[in-house]
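S.K.: Have a look at this prediction, sequence included:
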Amino acid sequence: MKPRPESTGPGPSPGTGGRPPHPGVVPTLRTVAVLVIALAALVLALGPLLPRPSAEWPLHSDASLDLVYDPARIRDPAAVAADLEANVRVVSAYLDLPWPPTPDDGGLGRPVFFAGPPRLAPRERDGRPVVAVHPDSPTARREAAAVAVLTRAAGTSRASPAIAAGLARLVDRTPPSPDAVAAALAERGRLASLPQLLRWWPSLPLGREQLASFASYVRDRWGPEGVVSLARQSPDAFRQMSSLDRLCQAGLGVSLAQLDRDWTAWVLARAEGLDPAELEEARRALAGELDRVRLTVILLTAAVMAAAAAAALAFLPRRHRPGAAAALAAFAAAAGLELVLFTSGDLPLWAKSIVAASEVGLIAGVLAVASRGRRPELPAPGRLADKPASWLHLALAVALTLLVVAPRFGLYFYCREIWAKAPMIVLVLALVWWVEREPGGLRSLGLRPVAPGRLLILAAAGLAAFRLTTGLTELVFHGLFARVTGPAFAWFFYEPWWRAVGFNHYPLAPWPAWFPVVDVWDFFFGNFAEELFFRGYLLFRLQRTLGWWKALFAQAFLFGLFHVNYDLFPFHPLPMTMYVLMATAFGVLMGLLLRHTGTLLVPALVHPFANLGVLWVGVSYAGSPFTWTTIPVYYLLQTVLGLAVIPPVLALVNRGPRPPRPAAPRRRRQAREEWVEARYG
């Protein structure tokens, strides 16, 4: 029998003896399964030891309030109740409300506090709202007292925790005063805008002091009734910009933007009458808090980046690791430079843009010099070329996505995160030159040169196809789940939502009133970085083993996860899910634009125009159709319509040959060999 020739097609690399690429994968999965089963058994065994329902816990009553408590944690319920009663009395006096309750107080009754695990707190007890309290924290006790007073005054079962936190800090006389802290923040341009303050106050440095300043302003202008009116709203009403605006219009008679500007002016006016010593104390407190936050975000970002980089290197073959380590080091250097410089608060907007552009220019120059005259390395068949190892491609894509997400978290409170995308371009350039070593270079990612006129036609057609898809989605979805009242169109439908994002204060104003060139530059620069990384590099790598369609949806899902913190921090499940699904559907549509135009430049141009709301098409409707069950339907519908609309629309203007399908591994290697022979032979 003739010896069987050595295979050069897909399969284990030569010299591996035919062994699977990772012999430890199956044992690892078995270990994980055993651990999951053991953890489930442990939870079931400890069930009797978990906290009991609140109905089984004792009740302490005094003259003015009731306290349901956990006897294992609270040894002296009378002392806790006395402290709560003292805080309730102070908050009631600040709002000019009677205390203790009287028979003619409108039937509000005695407040009920629950000192136990918040997840076990009942909503009501004997028809009265129950307020959960952490008994070991004086701040938590003051805020619980404020919630109890506000719910009684508003006649509701819940009150805004943001307003309650500000009110509790306002009645607390601990220095520095909230007015001094707000003035010190305004001096450094760090005073939060109202949308971010009312939604994200637990995550903002000195957020309680800023809320206290805002509550003081509302009481000074509208009296205690204004504070109660804001607190009357459900906590969920503070999550959306439109809900906040309606809340301000209904409760105070002013728009959210006007209220934001008026509060800022009030803070600056109050600063002129503050004691210089008090203001200096606030400045020192602010500097210490900002330094602490800055160090925290830098360390956390560095830790996440290190973990993601280690995972990415582990998923690569050994021969690719030196080049990948250099690429990851270049990314880490660019991201670290931004973390150090941008969090200092001293760089103006134009300087940050120059730093971001310089990082990209520097790495491009270094790679151009290092690659001059070098013979491209032909990728040998290895683990990442094996069909069974497609999960390695996907795992590597997940690790790289986590890597590029990390700097956005670190820069989130200090600048518009658009600048945090410059290291993404650095990473892609370094990976293409040092790891992939494709003969086509960036052309392999879809960055093919296109004549300006041709590019303009393709981009216009791509934007038209995208808007037609989203417009049809609006019409069909709201026709099914709401009542459509008419069509809607705008040359641009741009809400400056990102001005309420981040730690800096951006006054809310219409687009024409605040439209510097740097904002447009940010959109085009940042969106190009996203397209280059997701529709360029990830899609290019994933389609090697997953195929085009699986790679398209995989990169789209990772693109959705990339937006998990994108203006909804701290996380709230419903809007966060909506935003992730929106970005996922958007990633599919941009991938279709790439496929049916043959160039990454088209989605790179359509992306910023879509974000800016250019040529917005939709419908006006009555009712709010977005729920947990309808949100997935909306974006699934958008994806299906995009698959049906985008190809034929682009076919009208793109009658040239379709982009070639990815060659089989053997044919692709043969093509590379022929190219090298023609180029260097």
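M.R.: Yes, it's here. Numbers count the residues shown, from 1 in each chain.

S.K.: Please report phi then psi for Ala583.
M.R.: phi -70, psi -30 (degrees, to the nearest 10).

S.K.: what's the answer for Pro122, then?
M.R.: Phi and psi for Pro122, reported as degrees, to the nearest 10, are phi -80, psi 160.

S.K.: cool, the one 4 residues further on as well?
M.R.: Note on Asp126: its backbone torsions stand at phi 60, psi 40 [degrees, to the nearest 10].

S.K.: ok, now Pro175?
M.R.: Taking degrees, to the nearest 10 as the convention, Pro175 sits at phi -70, psi 160.

S.K.: Read off the pLDDT value for it.
M.R.: According to the prediction, Pro175 has pLDDT 87.

S.K.: Ignoring the adjacent residues along the chain, who's closest to it?
M.R.: Glu281 (6.2 Å; CB to CB, 6 or more residues apart in numbering). Where you see a C-beta, it was placed from the backbone N, CA and C, and this is true even at glycine.

S.K.: repeat for Leu396
M.R.: According to CB to CB, 6+ apart, the nearest residue to Leu396 is Phe315 (4.2 Å).

S.K.: so how far is Ala78 from the one you found?
M.R.: Using CB to CB, to the nearest Å, Phe315 is found at 60 Å from Ala78.

S.K.: now swap in Ile457 and tell me
M.R.: According to CB to CB, Ile457 stands 79 Å off from Ala78.

S.K.: Which one of the two is surrounded by more residues?
M.R.: The neighbour comparison of Ile457 against Ala78 (other CB atoms under 10 Å) goes to Ile457, with 16 against 11.

S.K.: any idea how far Leu605 is from that one?
M.R.: 12 Å.

S.K.: now do Trp434
M.R.: From Trp434 to Leu605 the distance is 28 Å (CB to CB).

S.K.: Just want to know which of those two has more residues nearby.
M.R.: Leu605 (23 against 20).

S.K.: so who does Gly441 touch?
M.R.: Residues in contact with Gly441 (CB atoms under 8 Å, 6 or more residues apart in numbering) are 432-433.

S.K.: if we can go back for a sec, wait, doesn't the residue nearest to Pro175 sit right on Pro176?
M.R.: Yes: the criterion here is CB atoms under 8 Å, and Glu281 meets it with Pro176 at 4.8 Å.

S.K.: So between the two, which is more surrounded?
M.R.: Pro176 (21 against 17).

S.K.: where does the residue nearest to Pro175 sit relative to Val181, distance-wise?
M.R.: Distance, Glu281 to Val181, by CB to CB: 9 Å.

S.K.: repeat for Leu65
M.R.: Taking CB to CB as the measure, Leu65 falls 31 Å from Val181.

S.K.: Then Arg190?
M.R.: 10 Å.

S.K.: Between the two, which has more neighbouring residues?
M.R.: Val181 (28 against 20).

S.K.: Pretty sure the more buried one sits in a helix.
M.R.: Yes: assessed with DSSP: H, G, I helix; E, B strand; the rest coil, Val181 lies in a helix.

S.K.: what sits against the residue nearest to it when sequence neighbours are not counted?
M.R.: Nearest residue to Val181, sequence neighbours excluded (CB to CB, 6+ apart): Glu209, at 3.9 Å. For Glu209, the contact set (CB under 8 Å, 6+ apart) comprises 169, 176, 178, 181-182.

S.K.: just checking, next helix/strand downstream of the helix or strand harbouring Leu456?
M.R.: Per DSSP states H and E: Leu456 is located in helix 452-481. Helices and strands here follow DSSP H and E; after helix 452-481, the next one along the chain is strand 483-492.

S.K.: Compute the distance between the residue nearest to Val181 and Ile354, please.
M.R.: From Glu209 to Ile354 the distance is 34 Å (CB to CB).

S.K.: out of the contacts of Glu209, which one sits closest to Gly323?
M.R.: Closest approach between those and Gly323, by CB to CB: Val181, at 49.6 Å.

S.K.: so what pLDDT did the closest one get?
M.R.: 93.

S.K.: how near is it to Leu170?
M.R.: 12 Å.

S.K.: any common contacting residues for those two?
M.R.: Common neighbours of Val181 and Leu170 (CB under 8 Å, 6+ apart) do not exist.

S.K.: I figured Leu475 was touching Tyr621, is that so?
M.R.: No: applying CB under 8 Å, one finds Leu475 not in contact with Tyr621, separated by 9.7 Å.

S.K.: what's the burial count for Val619?
M.R.: 19.

S.K.: quick one: the helices in the stretch 551-681 of the chain?
M.R.: Assignment of helices within the stretch 551-681 of the chain using DSSP state H, counting those that start in this stretch yields the ranges 573-597, 601-611, 630-651, 665-680.

S.K.: Using JSON lines, lay out these together with mean pLDDT and distance to Ala93.
M.R.: JSON lines is the format used below for the helices of the stretch 551-681 of the chain (pLDDT from 0 to 100; distance: least, CB to CB, whole Å):
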{"stretch": "helix 573-597", "mean pLDDT": "88", "distance to Ala93": "37"}
{"stretch": "helix 601-611", "mean pLDDT": "90", "distance to Ala93": "49"}
{"stretch": "helix 630-651", "mean pLDDT": "92", "distance to Ala93": "45"}
{"stretch": "helix 665-680", "mean pLDDT": "49", "distance to Ala93": "78"}
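
S.K.: Is it possible to get CSV of the ones you listed that adds distance to Arg544?
M.R.: What follows is the helices of the stretch 551-681 of the chain, written out as CSV (distance: least, CB to CB, whole Å):
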stretch, distance to Arg544
helix 573-597, 16
helix 601-611, 20
helix 630-651, 23
helix 665-680, 8
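
S.K.: Which of these has the highest mean neighbour count?
M.R.: helix 601-611 (a mean of 23; mean count of other CB atoms under 10 Å).

S.K.: could you dump that helix to PDB, C-alpha only?
M.R.: Output in PDB follows, covering the C-alpha atoms of helix 601-611 (Å, rounded to 0.1, in the frame of the first residue of the first chain):
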ATOM      1  CA  LEU A 601     -15.600  53.300   4.000                       C
ATOM      2  CA  VAL A 602     -19.400  53.100   3.300                       C
ATOM      3  CA  PRO A 603     -20.400  52.000   6.800                       C
ATOM      4  CA  ALA A 604     -17.700  54.200   8.300                       C
ATOM      5  CA  LEU A 605     -19.500  57.200   6.700                       C
ATOM      6  CA  VAL A 606     -23.100  56.000   7.300                       C
ATOM      7  CA  HIS A 607     -22.400  55.300  10.900                       C
ATOM      8  CA  PRO A 608     -21.800  58.900  12.100                       C
ATOM      9  CA  PHE A 609     -24.600  60.300   9.900                       C
ATOM     10  CA  ALA A 610     -27.000  57.700  11.500                       C
ATOM     11  CA  ASN A 611     -25.800  58.800  15.000                       C
END
